[in-house]
Structure formats: structure tokens, C-alpha cells
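Colleague: Please work out how this folds:
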Amino acid sequence: VTSDWLRYLLQLTFIIQLVILMSHLTLGSHINAVLRMDGMDGVSGVVPRWQRKAREQGISLLPSSSNENSFANRSGLCITPRNKTPLTGNSFLLDSSLTVAAADNSKSPGRGITTIKGKSPGRTMKLSVRQKTPTRNTPHTPNILLADNSYQGDRFIPVRPTELEMDRSHHLIMKEMKKVENGGVDDEEEDLTQQQREHCEKMTENLNDGQPVDQRVMHFSKKAPNNNSHLNNQKALFSSTKASASKAHTTRHIPNMPERVLDAPELKDDYYLHLIDWSKNNHVVVALAGCVYLWNAADGQIATLTTIEQPDYLCSLRWNEEGNVLAVGLSDGSVQLWDAPDSRLIRTMVGHEGRVATLAWSATNNLSSGSRAGQIIHHDVRVANHVTAVVNAHNQEVCGLAWSTDSRHIASGGNDNIVNIWDGRNTTALHKLSDHQAAVKAVSWCPWQNNLLATGGGTADRTIKIWNSNTGTCIKDVMTNSQVSSILWNSSYKELITGHGFTNNQLTIWKYPSFTKVADLTGHTSRVLELAISPDSQMVASAAADETIRLWKVWPTLAKEKKQSRAVQPMSSLARSIR
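Modeller: Got it, this is the predicted structure:
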């Protein structure tokens, strides 16, 4: 039994050794087959791509001193094996003393890999071309050995944006440094002629894309303020050649508070009526409830001119050019003429079918009246048969009426949103203007240019329009954002003042013709109904629905007008000098 077991063990051992031997032979045959496929068995075949690239670039592959058929030698690796541990034909050994040498930076390896001589000085590894290594322990980027036995290290090529222009920046910096060293003198510009300098300046301007030469190329901090030294030099140059003069006043002080505030109880809040006027004799007339009051602006005295019995009411008031006759329009369609100094009724003129909301005197003392029926009647107050013409002007109430300063034209505004311009000698309208979108109450002619007409629209329109009466064209259109109730001109300042309703209930001063806003005068708590101007054109009276009349000093007398008034002596002084 023992001999059988021994025989069995021997046979089993032999079989195991045979299997091991066969496995070694199979592994060797497989390795040889792989090497033959790579051309490593000495048989010449297709040249690998990396060898072709190396030859095209003029890179020489290092020969091997041992085992030329090994994979390391075929790969261009020159390995000097240790004396005690030779390398087999199918393997190579890397020592732990191999280190990576980077060009100019120990942390960033270059393309080349060299070995630092340690305990085995004869052991060196050199890679000829960049390729994938068979193991993970092989360095990543080998050096490239050139034909002259020099190594080409890795280069870092930065990607700089073109706008930085590093070369030009370096040139400018070095040029400035040389200029400082030479005491502020540029060597390149010292020997140039004037023509050459101009040529250089033009070239520099083109190279800098039109930017100044002294402008910074790169900004690493907050931009410095612009250099205005050239402006200061010019100021010094021209100020030294001019004689000093006092600065003229370009603006004036406009008080934002009224000079006086008058109580106006029971002032009728009706947008279409005209219930205040200022005469040439410095008398302010106002209609309160059923009474007509006269207020003397010089001494402040108040007088009652007339009283109207209900249910009739006062609708319009207007002084004639001399300021001694007052026209009063009533709700029954009649017009009364009053002698104000004597408080005497001159005459009553009839002819309208509705209330007379607006009146206008011409320079020749002809009176025009507009009614709710849309009619305009021209009156000659000097004759018994006063009606000279009846014009069907509007489809609705006539709420604005004004004669031009030369009495050649008359303009009317109606509740039908129409503005008509008439020739004072006939009943056919020259122009029918329909640009407004609301009732037109504010109608006023320019005092220094007879063909200019200003009109203002109601709540739905809120605009001021300037018209050329000769052509009928609108030459200016200004949005005021509020209802326009009245317009007045001032020839000394070339300005306008307008009265407004909601939302600010203000008086606005405009510069003509630019229509820039000069000032807003606020204080009324309800809409402004009517404006009136003083005889000297300095003061403006505003009557509002808050039952107050406010007097504003808008246009003080100019210095040149004061000089002219002093130069003209009154007739009384001349008479005394003759005596």
C-alpha cells in the first residue's frame, strides 16, 4: 500500500511539473508571437509611425549596447543594466533613482526626462520621442534629443489677447525709461526734422488707432481724471489779453410768493367765463356773485360799479384801450357799456341768443362779443345801430376772443375745439384750425409780431400752440400736462405766462421762442380761471376757483427801460421850465 501511494505521488508530481513546463512554453510562444507582430524578432517590416516622425524631424534614435531586439531598444531607449541584475530580452528594470528634470521649473515637468546619477552611475535612461510608455512608472513627457546631441525642452506658449499689445507696451516702457535717463530728451526725436516729426506723429496716431500717444496702454487701476492743462493754458492766454469786466446777470429773481392776496368770495367757478380785467388806468375789475367791483391798485380803494338781479349773472368783463369804458356781458345775451370814472351806464346792446361769455375791443374802439350760440357780433359803439356784422363762427359756445394789435385780424376759440382766424373787414374765416382736442379759451396775440397767435386747450388737450396767422400753420406745440385757461405776453422779456388747472393749479412762465420753462408760480388750491396784466406789464393778477385773487410780480422793469423813462421829461416840467 505504501509503495502504491509513493508511485501515485511521483506520478502526480511529474504531471504537475509537466503542466508548469507547458505553461511556460505556451507563455513564451505567446510573447514571441507578440514580439513578431511588433517587428521585434529581427524581421524587417513596416516602420512604426513614431520612427517615421522622428526621422522626418531629424531626430536620431539612440543605439543600444545590449539586446538590440528588446522592446526598450526598439523604442529608442538606451538602458545600461546593472552588473548583478541583467535585463532579459523581454523586460527592463527602472531604478527608483530616476527623477524628472523640468526646464526652469521643478514643479512643472518639461518634455525631457533625464536621470540623476546616484549609486549606479552607469545606469541611464533616455527617451528619444514622445510616446505612450508601457507602464505607469514611466515618466510622462520625455525630452527630445536633436541631431546635434542637444535636448529640446518643453516651452510654455501663452495665449495673449491682441488688445493688450505686449510688444508695444514693452517698447513704450523702455522708450520712456531711456527718455528719463537722457534728462527728458528722446534720442529718436532729437535729430528729426519738422517734416519727419509730423510723419512720426501721423504714424503713431495710426498705430494707436487714433488714441493719444500719452494714453495708457493697460489699465490696472482706476482711471485717472482727464488732463485739462491745455484748457487752463488757453484760459490764461485769452484772459490776459482781455480787460476785466463785470459779469452780466443772466437770470433774475422771480418771487415764488404773491405780492398781495385779495379775497374774492362767490367767484363763479366756470371755465368758459372771463370775470377779471386790468385797465390802463390801473383799475382791476372783478365780478363776484351779481356785483361788479372796482379795485384801485394804486391806493387800494374798492368801489361797486353795478349789481345784476337774479336769475341773470355776469359772464364777461373787458376794458377798452383807454381804460375808461367797461363792457359787461350778461347771461341774457345783452352787453352793457359803463363809464367807470362816473359809474354811469352808457348803453345796453342786444342781439345774442345766449349768454355772452367773451368780449374783445379793437384798437379802433370796435367791440366784438361771442355767445353760447356760437355767434360773434361786431359792434360799432359810436352809432345807434351798433351791429356791423354777425358771424356764425362755431357750432358751440364761443369761449375765447381777441383782436390783433394792429386790429387787422380777430381770432376766436370755441367749445367745438376749433380756432378761427378772421379778417376784421369780412365774415369769411381765413383759417379754420382744428388741431386742439378740447375747448379753446386761451387766445392771445403776440404784441411785437402781429402774425403770431397763441392758443391753449382744455383738459383733454393741455397744449399751447403758436400759429402763423398768414399761413395758418402751427409753428410750435408745447405740452403743459394741465388745463390752459389763459395766456399773456410780455414784450420786454419776450416771455409768456399761462394759467393752469389740475393738477398743480400753477402759473407758468415760458421763454419765447424756445419755450423753456422759466418758473412755476404756485399757491392756488384750485384751478386758475383767468389772468390779467398790469398797465406797466410788471404785475399779473390771477383769479382762481379757490375764491382768491393773487398779484404776482413777474416782470420787473428792465434797467434800459428805467434809463429811457428818466430821459423823457414830463410835459408839466417842460411847461415850468418855459415859464
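
Colleague: which ones are touching the residue nearest to Leu267 when sequence neighbours are not counted?
Modeller: Once flanking residues are discounted, Leu267 sits nearest to Glu547: 5.1 Å by Cβ to Cβ, 6 or more residues apart in numbering. The way it works is simple: take the backbone N, C-alpha and C, and place the C-beta from them, glycine included. Shown in contact with Glu547 (Cβ atoms under 8 Å, 6 or more residues apart in numbering): 263-267.

Colleague: Compare these and tell me which is most surrounded.
Modeller: Highest neighbour count within the contacts of Glu547, by other Cβ atoms under 10 Å: Leu267, with 23 neighbours.

Colleague: what's the domain layout of the protein?
Modeller: 1-37, 48-156, 260-558 (automatic domain parsing).

Colleague: What are the boundaries of the helices in the stretch 451-579 of the chain?
Modeller: For the stretch 451-579 of the chain, helices defined by DSSP state H, counting those that start in this stretch occupy the ranges 559-567, 571-578.

Colleague: ok, of those, where does mean pLDDT dip lowest?
Modeller: For these, the weakest mean pLDDT is recorded on helix 571-578, namely a mean of 37.

Colleague: any idea how far Ile276 is from Leu305?
Modeller: As for Ile276, its distance to Leu305 is 13 Å (criterion: Cβ to Cβ, to the nearest Å).

Colleague: sorry, that was for Asn481
Modeller: Relative to Leu305, Asn481 is positioned 38 Å away (Cβ to Cβ).

Colleague: Same drill for those two, tell me which one is more crowded.
Modeller: Comparing Asn481 with Leu305 by neighbour count (other Cβ under 10 Å), the higher total belongs to Leu305, at 20 against 10.

Colleague: which non-adjacent residue is nearest the more buried one?
Modeller: Val292 (4.2 Å).

Colleague: which residues touch that neighbour?
Modeller: Taking Cβ under 8 Å, 6+ apart, one finds 285-286, 304-308, 314, 317, 326, 328, 338 in contact with Val292.

Colleague: Same check on Val440?
Modeller: With contact set as Cβ under 8 Å, 6+ apart, Val440 has these partners: 399-400, 413-414, 417-419, 455-458, 461.

Colleague: Mind doing that once more with 10 Å?
Modeller: Going by Cβ atoms under 10 Å, 6 or more residues apart in numbering, Val440 touches 394, 398-400, 411-420, 433, 455-458, 461, 465, 484.

Colleague: Can you tell me how far it is from Thr503?
Modeller: 21 Å.

Colleague: same check, this time on Arg425
Modeller: 43 Å.

Colleague: Please apply the same query to Pro265.
Modeller: From Pro265 to Thr503 the distance is 25 Å (Cβ to Cβ).

Colleague: For Ala442, what are phi and psi?
Modeller: Backbone geometry at Ala442, expressed as degrees, to the nearest 10, gives phi -80, psi 110.

Colleague: What is the neighbour count of it?
Modeller: For Ala442, the count of nearby residues is 26 (other Cβ under 10 Å).

Colleague: Quick check: bridge partners of Val540?
Modeller: Using DSSP bridges, the bridge partners assigned to Val540 are Ile533, Trp552.

Colleague: mind checking pLDDT for it?
Modeller: Listed pLDDT for Val540 reads 97.

Colleague: same check, this time on Gln437
Modeller: With respect to pLDDT, Gln437 scores 95.

Colleague: Which residue comes closest to it once chain neighbours are left out?
Modeller: Asp461 (4.2 Å).

Colleague: List the contacts of the one you found.
Modeller: Asp461 neighbours (Cβ under 10 Å, 6+ apart): 417, 435-440, 455, 479-480, 483-484.

Colleague: Do I have it right that Gly457 meets Ser434?
Modeller: No: judged on Cβ atoms under 10 Å, Gly457 makes no contact with Ser434 at a distance of 11.5 Å.

Colleague: Helices of the stretch 251-400 of the chain, start to end?
Modeller: Going by DSSP H, counting those that start in this stretch, the stretch 251-400 of the chain shows no helices.

Colleague: Listing request: residues of it with sub-threshold pLDDT.
Modeller: Applying pLDDT under 70 to the stretch 251-400 of the chain flags residues 251.

Colleague: sorry, back to before: can the domains of the chain go into TSV with extra columns for distance to His170?
Modeller: Output for the domains of the chain, formatted as TSV (distance: least, Cβ to Cβ, whole Å):
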stretch	distance to His170
domain 1-37	56
domain 48-156	18
domain 260-558	54
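
Colleague: what's the most buried one of these?
Modeller: Highest mean neighbour count of the domains of the chain: domain 260-558, a mean of 19 (counted as mean count of other Cβ atoms under 10 Å).

Colleague: In the sheet, which residues pair with the closest residue to Leu367 other than its chain neighbours? Tell me.
Modeller: When the adjacent residues along the chain are set aside, Leu367 lies closest to His379, with 4.4 Å between them (Cβ to Cβ, 6+ apart). Judged by DSSP bridges, the bridge partners of His379 are Leu367, Val387.

Colleague: what secondary structure does Glu201 sit in?
Modeller: The three-state label given to Glu201 by DSSP: H, G, I helix; E, B strand; the rest coil is helix.

Colleague: And the pLDDT for it?
Modeller: 78.

Colleague: Give me the neighbour count for it.
Modeller: Neighbour number of Glu201 under other Cβ under 10 Å is 12.

Colleague: Distance check, it against Met177.
Modeller: 21 Å.

Colleague: ok, now which ones touch the residue nearest to Met349 when sequence neighbours are not counted?
Modeller: Distances taken as Cβ to Cβ, 6+ apart place Val335 nearest to Met349, at 4.6 Å, with adjacent residues excluded. Contact partners of Val335, counting by Cβ under 10 Å, 6+ apart, are 315-316, 318, 327-329, 347-352, 356, 359, 367, 369, 371, 377, 379, 381, 386.

Colleague: No more questions from me, cheers.
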